[in-house]
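Engineer: Sharing a sequence plus its predicted fold:
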Amino acid sequence: MAKQSKIAVVGSANVDLSIFNDMFPRPGETIFGKKFDLGFGGKGANQAVAASRCGASVGMVAKVGSDLFGPATIKNFECQGIDASHVLIAEGISSGVAPIFVDSSGQNRIVVIKGANELLSPDDVDAAASLLAQADTILLQFEIPLATVYHTIRFAKAHGVRCIVNPAPALPLDFKEIAAADYFVPNESEAEAITGIPVHDLEEAKRCAGYLLARGLAKVVITLGERGSLLATSEGMELIPAFKVDPIDSTGAGDAFIGSFAVFLAEGLTDRETLTRASLYAALSTTHVGTQKSFPSREEFDNEWERRGN
């Protein structure tokens, strides 16, 4: 196995409240659901756990609330082998939570309440400088203030640390700030929301990626679900196919992709090899219920990678 990579995540930590049912209530209606699951989530935390499960040494920079969920979230990071020394408790504020509604096909609808995530500041990033400067890669998402995202990108650039930005959920951007990131990795709906260009097929995805490259982004990866992922650079564009599985719950698959992508990239693989492996890792996560607990271990991934003849 390659050398152990060091991944730092500056991002959100939530508690996921997942509801499973074939249908969901209309206004004023009460119905019985099939199943409920409570788990730890948040795009930042999910990506940190995926990276850790993939074999990396991982540190987390985040804020949680002073409610029941805050200390439990920190404990979960520690149990996952993640350095939580820069996960701080915000007094008098709730932790971030995410009610998730999953239908019978495995598709999900998510409402995120930011809570303490909204208080993660540039000062918190500076306080974690020793952790961040030693990382091979810094991961960022948009469930924390954009000012903190931009500050972290500048920090990564100044310290020569690779930076991957996952613009989820999609927000209006300052492309001059984002352009300093090494990789920009939206899914198709995020790419469409950010650019205003529809992404319904591969050709539209290429136009969207071209738009982003023209605004100074170095490398763009648009994830396209079961169609795979589109890698776009100044040298050209290439579709990396997805892997076929029988999905049960797609919640957290995008985070599994990003977290594993960072690890494989830090291990020295090419962009194409990295994306191919991340696609399988993400696909495997959909074969189990939940977010973080659905992420396969490195051993499980390696076994499946070899089984499929790669």
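Structural biologist: Perfect, I can see it now. Numbers count the residues shown, from 1 in each chain.
Engineer: just the strands in the stretch 51-200 of the chain please.
Structural biologist: All strands of the stretch 51-200 of the chain, identified by DSSP state E, counting those that start in this stretch, fall at 57-65, 83-90, 96-102, 108-110, 137-140, 162-165, 183-184.
Engineer: ok, residues contacting the last one?
Structural biologist: This means strand 183-184. With Cβ atoms under 8 Å, 6 or more residues apart in numbering as the test, strand 183-184 has contacts from 162-165, 167, 178, 212, 217-221. For glycine as for every other residue, the C-beta is placed from the backbone atoms N, C-alpha and C.
Engineer: buried subset of those?
Structural biologist: The neighbour count (16 or more other Cβ atoms under 10 Å) marks 162-165, 167, 178, 212, 217, 219-221 as buried among those.
Engineer: out of those, what pair is the most spread apart?
Structural biologist: The largest separation in the buried ones among the contacts of strand 183-184, counting by Cβ to Cβ, is between Arg162 and Leu212 at 18.2 Å.
Engineer: following the helix or strand encompassing Ile19, which helix or strand comes up?
Structural biologist: For Ile19, the element it lies in under DSSP states H and E is strand 14-20. Following strand 14-20 in sequence order, the next helix or strand is strand 35-41 (DSSP H and E).
Engineer: Distance from the chain centre to that following strand, please.
Structural biologist: Centroid separation for strand 35-41 versus its chain: 18 Å, with Cα atoms, centre = their mean, to the nearest Å.
Engineer: Just the buried residues of it, please?
Structural biologist: 37, 39-41.
Engineer: same check, this time on stretch 188-208
Structural biologist: By neighbour count with 16+ other Cβ under 10 Å, stretch 188-208 contains the buried residues 188, 190-195, 197, 199, 204-206, 208.
Engineer: now these as TSV including pLDDT and distance to Phe69?
Structural biologist: Formatted as TSV, these follow (pLDDT from 0 to 100; distance: Cβ to Cβ, whole Å):
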residue	pLDDT	distance to Phe69
Glu188	95	31
Glu190	97	26
Ala191	97	32
Glu192	97	33
Ala193	97	29
Ile194	97	30
Thr195	96	35
Ile197	95	38
Val199	95	35
Glu204	96	40
Ala205	97	37
Lys206	97	42
Cys208	97	36
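Engineer: three-state assignment of Gly268?
Structural biologist: coil (DSSP: H, G, I helix; E, B strand; the rest coil).
Engineer: State the pLDDT value of it.
Structural biologist: Note on Gly268: pLDDT of 94.
Engineer: residues near it, how many?
Structural biologist: 12 (other Cβ atoms under 10 Å).
Engineer: just the helices in the protein please.
Structural biologist: In the chain, the helices defined using DSSP state H lie at 43-53, 69-79, 122-127, 129-133, 146-158, 175-178, 188-195, 202-214, 253-266, 271-285, 298-307.
Engineer: For Glu29, find the nearest of these.
Structural biologist: helix 188-195 (27.5 Å).
Engineer: Export the helices of the chain as TSV, with columns for distance to Val15.
Structural biologist: Putting the helices of the chain into TSV (distance: least, Cβ to Cβ, whole Å) gives the following:
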stretch	distance to Val15
helix 43-53	10
helix 69-79	5
helix 122-127	20
helix 129-133	24
helix 146-158	21
helix 175-178	29
helix 188-195	23
helix 202-214	33
helix 253-266	15
helix 271-285	19
helix 298-307	25
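Engineer: Need the winner for burial among those helices.
Structural biologist: Highest mean neighbour count of the helices of the chain: helix 43-53, a mean of 31 (counted as mean count of other Cβ atoms under 10 Å).
Engineer: Distance from stretch 280-298 to the middle of the chain?
Structural biologist: 13 Å.
Engineer: Can you show me the CA trace of stretch 16-29 as CSV?
Structural biologist: This file holds the C-alpha atoms of stretch 16-29, laid out as CSV (Å, rounded to 0.1, in the frame of the first residue of the first chain):
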residue,chain,number,x,y,z
ASP,A,16,-28.2,13.1,10.3
LEU,A,17,-31.9,12.1,11.0
SER,A,18,-32.8,9.7,8.2
ILE,A,19,-36.4,8.7,7.4
PHE,A,20,-37.1,5.9,5.0
ASN,A,21,-40.5,5.5,3.3
ASP,A,22,-42.1,5.0,-0.1
MET,A,23,-44.0,8.3,0.1
PHE,A,24,-43.9,11.4,2.2
PRO,A,25,-46.7,13.4,3.8
ARG,A,26,-48.7,16.2,2.1
PRO,A,27,-49.3,19.5,3.9
GLY,A,28,-51.3,18.8,7.1
GLU,A,29,-51.0,15.0,6.7
